[in-house]
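Chemist: could you look at this predicted model? Sequence included:
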4 protein chains.
Amino acid sequence: MFKTIRRVTILAPTGVRNLSLSAATLEKIGFIGLGNMGGGMACNLIKKGNSVLAFDVVDSNLQAVVSQGGVAASSPSAVAAECSKIVTMLPNNAIVEQVYSGPDGILSTIKEGGFLIDCSTVDPALSKQLAITAKSQGVEFVDSPVSGGVNAASAGTLTFMVGAETEQNFTIAHQTLQHMGAKIIHCGGVGTGGAVKICNNMLLAVSMIGTSEAMNLGIQLGLDPKLLADILGSATGRCWSVDTYNPCPGVLPNVPSSNDYKAGFGTALMTKDLGLAQDAATRAGAATPLGSLAHQIYRTMCNNGFAEKDFSSAFKFIQKK
Amino acid sequence: MFKTIRRVTILAPTGVRNLSLSAATLEKIGFIGLGNMGGGMACNLIKKGNSVLAFDVVDSNLQAVVSQGGVAASSPSAVAAECSKIVTMLPNNAIVEQVYSGPDGILSTIKEGGFLIDCSTVDPALSKQLAITAKSQGVEFVDSPVSGGVNAASAGTLTFMVGAETEQNFTIAHQTLQHMGAKIIHCGGVGTGGAVKICNNMLLAVSMIGTSEAMNLGIQLGLDPKLLADILGSATGRCWSVDTYNPCPGVLPNVPSSNDYKAGFGTALMTKDLGLAQDAATRAGAATPLGSLAHQIYRTMCNNGFAEKDFSSAFKFIQKK
Amino acid sequence: MFKTIRRVTILAPTGVRNLSLSAATLEKIGFIGLGNMGGGMACNLIKKGNSVLAFDVVDSNLQAVVSQGGVAASSPSAVAAECSKIVTMLPNNAIVEQVYSGPDGILSTIKEGGFLIDCSTVDPALSKQLAITAKSQGVEFVDSPVSGGVNAASAGTLTFMVGAETEQNFTIAHQTLQHMGAKIIHCGGVGTGGAVKICNNMLLAVSMIGTSEAMNLGIQLGLDPKLLADILGSATGRCWSVDTYNPCPGVLPNVPSSNDYKAGFGTALMTKDLGLAQDAATRAGAATPLGSLAHQIYRTMCNNGFAEKDFSSAFKFIQKK
Amino acid sequence: MFKTIRRVTILAPTGVRNLSLSAATLEKIGFIGLGNMGGGMACNLIKKGNSVLAFDVVDSNLQAVVSQGGVAASSPSAVAAECSKIVTMLPNNAIVEQVYSGPDGILSTIKEGGFLIDCSTVDPALSKQLAITAKSQGVEFVDSPVSGGVNAASAGTLTFMVGAETEQNFTIAHQTLQHMGAKIIHCGGVGTGGAVKICNNMLLAVSMIGTSEAMNLGIQLGLDPKLLADILGSATGRCWSVDTYNPCPGVLPNVPSSNDYKAGFGTALMTKDLGLAQDAATRAGAATPLGSLAHQIYRTMCNNGFAEKDFSSAFKFIQKK
C-alpha cells in the first residue's frame, strides 16, 4: 500500500534509500536526451557497467555518448523497440510529450512490461497523464526530476526526487538511478517528484531575489557585504542563497556571482521552472504572490539580456547601474 | 581606525566578542522602556549585579522591575540626571524621538561623558541623527537592536547588533550588553545595527511567505507536509523558515504554527519592521520588489485580523478556507 | 486578404459593423451552454425569429429555454447532427474541449460546411487548435467572447469580439451575433477575440485594484470619497473603475459596491480570466508583473471568502476591518 | 464651516471655481523655485500684471524670470521680508523644509498676516506641519500641488488641487492661482491637495504599467496595436493611459511613446511621487499592493537607465529586447 511505503520513507533518518549496488543491477538501458545534463548521466550509466542505447536530436550530443561506449539509435521509437527500461532527460513539456506520445515516440513501440523514468522537469499533470497512458499499455512510468547541476550530473552526485505509485516501482527506478545520483528520494505517487521540484525551485527563486534585495539594501546602508552575509547566515535570514550561493560578487569564492554570473543555473531555465509552478498553482487554486512576482522578475530579466546569466544575477538586475 | 576594528570582528570565528565578565563591569545603569522585551532585559542587568534606575510610562511595567530590585524614576530626564549610562528599548521612531529629544527627554539632562545604548528597532537615519545631537553635547550613542524574542530577553540570550563609531564605544556597550545577551556583534558605525536588523527581517519576511507558498502549493499537489519540509530543508530551498520555524501546522513541534499561531513574533511588529526597511530603501533608491510585496501582504493581513498572530500565519492567510 | 479586412474594420468610425437585419438572416441554430449568460443569449435568438435546438447538462437551464420556444437536444453531438450553425457559451477550457472534441462532442457529428461560434472565454491557443481540427473536417470556427454581463445578455446588448480568419467568416458570424449583441468587432484571425478579452480583463483587474487602493488611501488621508472620485475621474487617474464602477460604497448609485458587492462580475470569474491571461503571457514570454499580482490578489480573495462577491470588492479586502 | 464649503465645491458642475479676474486681484507676490515648472508659473503671474519678487538657487533660472519683468531676491528670507503672499514650487520634502524652516527660510522673516501657497508635491504630513508652524506666527498656509506638465505651466493651464483650512483661505489662494491655471479645486483642509495628487499619481502609475502589460501581451498574441487600443478604450479597460497617453509607439501621435519616450513626465519624478504615496500609506496602514509594486518597477527602471525617460517607457522596459 502506498501509505505504508511513504511512511517507511519518512521514518528513514535521511529520507533516502541506500540499496547496495550489485552486478545484478547492470542492465540494458535506453537513454533519450543527451544535453548538458543527460549526456553526463548517460555516461555514468555506461561507466557503472550498464549497456546504453542512446538518442538525441543533436548528432554531436549523440556522438559524445557513443565515444564513451554508448550505442546510437535513430529515434525514440527505435530505442523503445529494443529496450524495456528507458530514461529520458528533456527540456520541456512539449518535447516530453513529443518524445513519449509523438508519431515516432516511445509509446509507439514500447513492449508490455516496460519501465519508463522521466528525469525532465515538467508539469506534474503531464507526468500523471503519461503514467495513465503507459499503464494502459502495460508499462510503468515514474517521474524523477533532479536537483544539482551539470557538475553533479557528470560526477554522478545528483539528487533524484522520485514520484512512483508503488514501492516496487521506486525500487526498480532506484536500481538505475543509483548509478547517476547520490541521493534518491521517494516523494509519493507519480507527479510528486515534479511537485517537489517546482515547490523547491519556487522557494529558491524567492529566497534568491530576497537575498539580493537584502544584500543590496544593506550595502547601500553602509554595511560590509561579507559581514552582512555572515550575520544573515547565522540569524533568521539564513538560507541557501545567503550562505552557499551568495549573489553579491566577492562574498563567496567559486560561485557564479564571483565569476560575472557565468555558468550555474540560467535565468531562462529558472523562468521555465517558475512557469511550471504557476501553472500548477493556478490549477490548484493555490495563492503564490511572491512566487508569481519572482516569475515576473525573472521573465523581465530574460527580456533585458539576463537569460543566459546565472539566476543569482537578480542582484545585478536590481542594482543601481 | 574603523576598518581595523571591523576586520578584527570579521576574523573572529563566530563574528562575536566574548570578553570575560568581571566585577569591574558592574555599573549603575538607566533603563527606559520596560515592556515585554525591556522588562526582561532590565531584570537581567539587576540579576548580574548592576544597579538599575528604571522608567516606563506604564506603571505596572515599572513596578515589575522594581519588585526585582530596580529603582523607579519619574521620567527619561530624571533617569538621565542620575545615570551616565542608559539603555533604551522602545517601540518605534516617534517614541524614541520623544524619549531622547522631547521636552522631558534624556538629552535635556544627560551630562557630558554620558553613554547611550538604544536597543529599539528604528530607522537607521534616526539613530545617526541622535548620535550627532548626542555628540554635540559630549555624549556617545550606539544603536543596538536585538534578535531573539521575549524568551531570549528573559533568558539573557539575545543577539545584539551594535552600530558603534569606534572600537572603544563597542567595548563600552559590550560591557553592559553581555549581561543581557549571548552574542554581541559589531556591525559598523552608528545606524549599522539597525541596518542589519531591517535587512535580516526583510529577508526573513520574504522567506517566510515564500515558504508558506511552497508548503501550501506542495500540499495541494498531494505531498506530505513533513516529507516536503524535509526535502526542502536539505535542498536549495533550505532556510530558517523551513527547518526551524515551519509555518505549516504539525510539521514542527513547539513553533507558533503548531499552536494556532499564538505568541511568537506578531504580524503587526513584522509589518512595522518592513516599513522601516521600505523607508530606508526609498531613501537609498534600492529596489526591493519582494520585500515591498511582503510588506503589503503583512499589512493586508493586519487589516484582516492577523495583527496579533505570529508572522508565520502567512501560511493560514493564503490557504483556501 | 486579411490585412484589407482588418483595415476596413478599423476605418469604420466605431470599429463596429451594423449590417441591417433581414428575414433572410433567420436560421436554425444550435446552442450549447444555457447558464446565466447563454440562457439569455439563446432566448434572444428565439425572440428574433430563429429556430433554436438547445442543450445544457443542467436540465432546468434547458427547460427554461424550451419554455421560450427552443427545442431540447440530448447532447452536443445530437445538436451537431441536425444544425450546421452552432453557438457555444461554456465556462472554461476543459468543458469547451469536452463539448467540441469529447466522445459525444460537436466534432463527432458535425457535417462538412458547418459553422461554429464559440462565445466562451478560453485560452486563445485552444481556439486556434479547435479551428484547425474543424477545418480538417471542412467546418469553419470563430471565437467570439463577449463583454457585458448577465443583464446585457438578457437585453441583447452584448459586445462580441470576434476572431475570424476571413471577412466572409466574420460576416457569417455577424448574421447570428447581431441578434444577441449591440456591438460586433472583428479583432483579427481565430484566437484574437479571446486575446482582446483577456488583455482587457487583465487591465480591468489592475485598474480596479489600483482604484481601490487609491480610494482607500485617499479616505485614510482625510479626503471625501465622492470628491476624490470626481477629481480622479477628470485627471490622469481617470478610468472605467473610477467613473463607471467605483469600488467605494456610496460613491456611485446602482453599482455592486453600493449593494454589498452583490451581483456584478464575480471575483472567481475574474480570477479565471486572469489565469487565462497568465497562461498566454507565459507562453508568449510577455512580462505582466501587475497583471500577475492582480491574479494572486483575486485568488487570495477567493481563498478568503470573496469568491462570489463582485470583483470591485477588492476595495473591501484591502480595507482595515 | 468646512462641510458647507466642500459641499458647495462639489455641487459646482465642474468642481471648479471660476471667479472673475479683476484689477483688484493684482498683487505683489514672492515666488521661490523657478525651475521648469516654477519659471513658467512666475512668468504668467507677471504677464497678468502682478509684481513678482523671485528667488532660485540656480542663477540662470532667476535671470530668466528677471528678463520677463521679475525682481531678483537673494534668499527665501529676503523674499519673505518684503512680500506677504508667497508661492513656492520646489522639488522635494527636504528642500521645502529648508526653504520654509531653514536658517534663511521664509518663516524666519515672514510677517504676521502673511499667506503662503506651496505648489510642490510633498508629503501631506509635511504640509500640515508647516501650516501649524505658520499659524503659530499668525501666517496662513495652503498646499496646492499641480497637475499638468511644463507646457501647461507655460500656457497657464495647470490644474491646482488646493488644501485650505477655510473657504476664505481657498478664496485668497484662488486670487493668485487663477493667473497660472485653468482649474482650481478645493480638496479639503491643509494636506488634502497633496493627498489627492499622490492618490492620482499612484493610480496613474498602476494604470500606465497595466496598460503597457496589456498592450505588449496583446501584440505578442497577434493583435494590431491600434485596434487593441481602440477596443480597450471603448471597453472596461478604458483609462487615460490607453486613450490619451498610450505607451505603445505609433498608436497615438504627439505622445512621448511616439517620440522615443522623450520629454513628458520622467520616470524619476514618478518614482519620487510614488515614494510619497508609500510613505503616506505606511503611516495610514493603507494596503497598496499594486501601488507599491509600481513604485518598485519604476525604481528598477531608474536603476536600469530609464530615469530620464517618460514614465510611459514602462512599455519598453517590459518588452522583449
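Modeler: Received it, and whenever you're ready, just let me know what you need.
Chemist: hey, which strand is longest across chain A?
Modeler: The longest strand of chain A (DSSP state E) is strand A:181-188.
Chemist: helices or strands up against it?
Modeler: Secondary-structure packing of strand A:181-188 (3 or more CB pairs under 8 Å, 6 or more residues apart in numbering or on different chains; DSSP states H and E): helix A:2-11, strand A:158-163, helix A:167-177, helix A:192-220, helix B:225-233. Quick note: C-beta positions are derived from backbone N, CA and C, even for glycine.
Chemist: in terms of mean pLDDT, which of these ranks lowest?
Modeler: Among the helices and strands packed on strand A:181-188, helix A:2-11 carries the lowest mean pLDDT, at a mean of 31.
Chemist: I'd guessed A:Ile46 sits against A:Gln68; true?
Modeler: Yes: counting by CB atoms under 8 Å, A:Ile46 touches A:Gln68, with 5.4 Å between them.
Chemist: list the buried residues for whatever helix or strand A:Ala277 lives in?
Modeler: Element membership of A:Ala277, judged by DSSP states H and E, is helix A:267-284. Neighbour-count burial for helix A:267-284 flags A:267-282, A:284 (criterion: 16 or more other CB atoms under 10 Å in any protein chain shown).
Chemist: can you narrow those residues to ones near chain C?
Modeler: A:275, A:278-279, A:282 (CB under 8 Å from any CB of the partner chain).
Chemist: nearest to B:Ile95, of the helices and strands packed on strand A:181-188?
Modeler: B:Ile95 sits nearest to helix A:192-220 of all the helices and strands packed on strand A:181-188, at 24.5 Å, using CB to CB.
Chemist: so is that closest one next to chain B?
Modeler: Yes: using CB under 8 Å from any CB, helix A:192-220 reaches chain B at A:192, A:195-196, A:198-204, A:206-207, A:209-211, A:213-218, A:220.
Chemist: over to stretch A:112-131?
Modeler: Yes: Stretch A:112-131 is in contact with chain B by CB under 8 Å from any CB, via A:Pro124.
Chemist: what about that stretch, average pLDDT?
Modeler: Mean pLDDT, stretch A:112-131: 97.
Chemist: residues of that stretch that come out buried?
Modeler: The neighbour-count check on stretch A:112-131 (16+ other CB under 10 Å) flags A:114-131 as buried.
Chemist: what about A:Gly163, neighbour count?
Modeler: 31 (other CB atoms under 10 Å in any protein chain shown).
Chemist: my read: it touches A:Phe141, true?
Modeler: No: applying CB under 8 Å as the test, A:Gly163 and A:Phe141 come out as separate, 9.4 Å apart.
Chemist: identify the contacts common to these two.
Modeler: Here A:Gly163 and A:Phe141 share the contacting residues A:127, A:190, scored by CB atoms under 8 Å, 6 or more residues apart in numbering or on different chains.
Chemist: got the contact list for A:Ala277?
Modeler: Contacts of A:Ala277 by CB under 8 Å, 6+ apart are A:198-199, A:201-202, A:288, A:291, A:295, B:217.
Chemist: so how far is chain D from the residue of chain A most remote from its centre?
Modeler: For chain A, the largest distance from the centre (CA atoms, centre = their mean) belongs to A:Gly222, which lies 38.4 Å off. Per CB to the nearest CB, to the nearest Å, A:Gly222 is found 18 Å from chain D.
Chemist: what residues go with each domain of chain A?
Modeler: A:2-190, A:195-320 (automatic domain parsing).
Chemist: what's the most buried one of those?
Modeler: domain A:195-320 (a mean of 24; mean count of other CB atoms under 10 Å in any protein chain shown).
Chemist: how about the residues of the stretch 151-300 of chain A by chain C?
Modeler: A:275, A:278-279, A:282, A:285-289, A:292-293, A:295-297, A:299-300.
Chemist: I am finished for the moment; much appreciated.
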